[in-house]
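> Kindly return the folded structure for what I paste below:
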Amino acid sequence: MSTQDSRGFFGWLRRLLFGDPIPAPKQAAASAATSTHGTAKPVTTAQNPAQQQNAPSLKAGLDASSFLPITRDEIISSTRTRWLWSGAFWGRRDLIPPVSDTRTKLIDRGMLTQGMLTAEQLAEIHRVGLEMDAVRPSMTLIRSEAEKAGAEAVVASREERKKIKAQKKEEAARRKEQRARDIAARFATDITYLGRRVSGRLNDRTSDVAKLEAAALPVLQTPADVAGALGLTIPQLRGLAFHSEVTSRSHYIQFSIPKKSGGVRLLSAPHRRLANCQRWIHTQILSKLEVAAQAHGFVVARSTVTNATPHCGKAVVFNTDLEGFFPSITFPRVRKVFQRLGYSPAVATILALLCTECPRRTVEFGGQTLFVATGPRALPQGACTSPALSNQAALRLDRRFQGLATRMGLTYTRYADDITFSGNEELKSRTGYLMARIRHVVQDEGFRVNEAKTRVQRQSTAQSVTGLIVNERPGVLRSKVRRLRAILHQAKSSGLEAQNRDKHPNFRAWVEGMIAYIAMSRPDTAEVLRQQYAQIRET
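The predicted structure follows:
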């Protein structure tokens, strides 16, 4: 065996269990005393009286054989019986094996012969072991009592945790009930949500009171203020203003009418309660707002005649149309109009929701009729607030077009979605530039140009602006006047209803309306027609 193998723990273990194959000098005498048959003979480690007097066996209670090395035969014999690896004390950490145990003796001999412990230390260890054995029954009793006390403490702790858990559940239930009561109270007195993508500003309740008072507008800051002004409860206001992509109830009756230029026009008539709210908004807010001087549609004391008059006698008249005028004025733009007046974002959101609606399609699903949105929320054609809001949404468009007209020396007016520019001979060479600038401004303001209705009219042809001829002075087309005269003339003999070849649902109202329309530009001619109509009514 090498020197390295004879050192360390494994070397000690080999020497302890199997002995050293190369006897050390101190073990030579013991090896010589061994018989040829391999049995160990008693050999003392000290031969003189002085060494025997100081021998540790006198204190440890061991004889001289306790100091002999463990022989190979002893190890082989022990491993055959396997008593070295089993027994009552094997693997126990709570006791010290007694000296009466054969394995303990063998281990003690190994530790003594290897010089790991002295006899006094072994004696002290076994003394402590005896004392531990003496007190072990009482320790067992103490341990059992401690285990019992511990078990009782665990049970008490579990019961305490159960009580705490039950208490927390009760507190959570009370908080839940209180929260439900708070939500119900807030639901009845406030509005914090009105649908997806429209409720982000309902928490801002700060209005510019000074600005509203200066414009003589109602001061509204909260949803409760809006409900009080409209004579509604909070739940009623929430129901009218709530935005939903799919709903089982619509606040509008939708129907379509044919357009003069072809196609159909979708109209939306609000139900009574919503119509009352819109009338209040129009009367108390929208009718008090200033409108651009260039806007002639939906304005008191302005008409198609006032829109056409500034373009009379011009060398060139340029007309274009805004495509989808009302549908292009969406909910965010309407809300911005009310915020610009000084209303808080919360109030502006509610007012804009009351004045806008999605185009919807009626579908049947699961035996239920549903109204599904097919486009963004915008101004409906049929609400009394839509015309005034369209003029406010186009206010910046009018200002920019007026600036363009001033720079180019032109005249500009707008009637709803009908845009008109007119000028002298210089406009003929700059028509392309004007059209490009109009497209740019219209697109920048969120509208679209209707290319099909864009036209340039020169003085050599009939120049028409909002249905009136403006070559010299505004007037109705002669063909319309002649047709109405013919209707009134034939009605004297065959009756008025017989002349209703276009199947108007209320033909008398149509005739009266045509006479009033002619009277705006040609009052003398309209007076003659009115006298003829009066004669027919008398008959």
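
> So what are the sheet partners of the longest strand along the chain and their directions?
Among the segments of the chain that qualify as a strand by DSSP state E, the longest is strand 449-458. The pairing partners recorded for strand 449-458 under DSSP bridges are strand 316-322 (antiparallel).

> Identify the bridge partners of Val264.
Bridge pairing for Val264 - DSSP bridges - gives Pro258.

> ok so, going back, report the buried residues of the longest strand of the chain.
By neighbour count on 16 or more other C-beta atoms under 10 Å, the buried set for strand 449-458 is 449-450, 456-457. Heads up, the C-betas are built off the backbone N, CA and C, glycines and all.

> Using CSV, list the CA coordinates for that strand.
Extracted in CSV, the C-alpha atoms of strand 449-458 (Å, rounded to 0.1, in the frame of the first residue of the first chain):
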residue,chain,number,x,y,z
VAL,A,449,-64.5,65.7,-52.3
ASN,A,450,-67.2,64.3,-54.4
GLU,A,451,-65.5,64.3,-57.8
ALA,A,452,-68.7,63.5,-59.6
LYS,A,453,-70.3,66.8,-58.6
THR,A,454,-67.2,69.0,-59.3
ARG,A,455,-67.8,71.3,-62.2
VAL,A,456,-66.5,74.6,-63.7
GLN,A,457,-69.2,76.8,-65.2
ARG,A,458,-68.4,79.7,-67.5
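
> And the next helix or strand past it?
Downstream of strand 449-458, the next assigned helix or strand under DSSP states H and E is strand 464-465.

> Show me what that next one packs onto, helices and strands only.
Counting contacts by 3 or more C-beta pairs under 8 Å, 6 or more residues apart in numbering; DSSP states H and E, strand 464-465 packs against helix 304-308, strand 316-322.

> outside of the longest one, which residues touch it?
Read it as strand 316-322. Residues outside strand 316-322 that contact it (C-beta atoms under 8 Å, 6 or more residues apart in numbering): 311, 328, 417-425, 427-428, 431, 434-435, 438, 442, 447-450, 452-459, 463-465, 470.

> Show me how far whichever helix in the chain runs longest is from its chain's centre.
Counting by DSSP state H, the longest helix found in the chain is helix 119-189. Centroid displacement of helix 119-189 relative to its chain, using C-alpha atoms, centre = their mean, to the nearest Å, is 45 Å.

> next one: stretch 297-313
48 Å.

> Show me which residues of it are buried.
297-299, 302-312.

> Tabulate those (JSON lines), appending distance to Lys503 and pLDDT.
Below are these laid out as JSON lines (distance: C-beta to C-beta, whole Å; pLDDT from 0 to 100):
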{"residue": "Gly297", "distance to Lys503": "28", "pLDDT": "94"}
{"residue": "Phe298", "distance to Lys503": "29", "pLDDT": "94"}
{"residue": "Val299", "distance to Lys503": "33", "pLDDT": "94"}
{"residue": "Arg302", "distance to Lys503": "32", "pLDDT": "94"}
{"residue": "Ser303", "distance to Lys503": "28", "pLDDT": "93"}
{"residue": "Thr304", "distance to Lys503": "26", "pLDDT": "94"}
{"residue": "Val305", "distance to Lys503": "29", "pLDDT": "94"}
{"residue": "Thr306", "distance to Lys503": "33", "pLDDT": "95"}
{"residue": "Asn307", "distance to Lys503": "30", "pLDDT": "96"}
{"residue": "Ala308", "distance to Lys503": "30", "pLDDT": "96"}
{"residue": "Thr309", "distance to Lys503": "34", "pLDDT": "95"}
{"residue": "Pro310", "distance to Lys503": "37", "pLDDT": "96"}
{"residue": "His311", "distance to Lys503": "35", "pLDDT": "96"}
{"residue": "Cys312", "distance to Lys503": "36", "pLDDT": "95"}
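
> returning to that earlier point: what comes into contact with the longest strand of the chain?
261, 315-323, 428, 431, 435, 438-439, 442-443, 463-464.

> who touches Gln254 in this structure?
For Gln254, the contacting residues are 266-269, 360, by C-beta under 8 Å, 6+ apart.

> quick one: which helix or strand includes it?
strand 252-258.

> can you check Leu389 too?
helix 386-393.

> going on from that helix, what's the next piece of helix or strand?
helix 395-408.

> What is that following helix packed up against?
Counting by 3+ C-beta pairs under 8 Å, 6+ apart, helix 395-408 packs on strand 411-415, strand 418-423, helix 431-444.

> Can you redo these as JSON lines, where the extra columns are mean pLDDT, mean neighbour count and distance to Leu130?
Below are the helices and strands packed on helix 395-408 laid out as JSON lines (pLDDT from 0 to 100; neighbours: other C-beta atoms under 10 Å; distance: least, C-beta to C-beta, whole Å):
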{"stretch": "strand 411-415", "mean pLDDT": "97", "mean neighbour count": "22", "distance to Leu130": "117"}
{"stretch": "strand 418-423", "mean pLDDT": "96", "mean neighbour count": "24", "distance to Leu130": "117"}
{"stretch": "helix 431-444", "mean pLDDT": "95", "mean neighbour count": "14", "distance to Leu130": "105"}
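
> sorry, back to before: buried ones among the contacts of Gln254?
268, 360.

> I'd like to know which of the contacts of Gln254 is nearest to Ala378.
Nearest to Ala378 among these is Ser268, at 10.5 Å by C-beta to C-beta.

> So what touches whichever strand or helix holds the closest one?
Assessed by DSSP H and E, Ser268 sits inside strand 264-270. The contact list for strand 264-270 (C-beta under 8 Å, 6+ apart) reads 251-259, 275, 278, 357, 359, 380-383.

> pLDDT below threshold where in the stretch 101-250 of the chain?
139 (pLDDT under 70).

> and the closest residue to His271 other than its chain neighbours, how many residues sit next to it?
Counting by C-beta to C-beta, 6 or more residues apart in numbering, His251 is the residue found nearest to His271 once chain neighbours are left out, at 5.4 Å. Close neighbours of His251, defined as other C-beta atoms under 10 Å, add up to 21.
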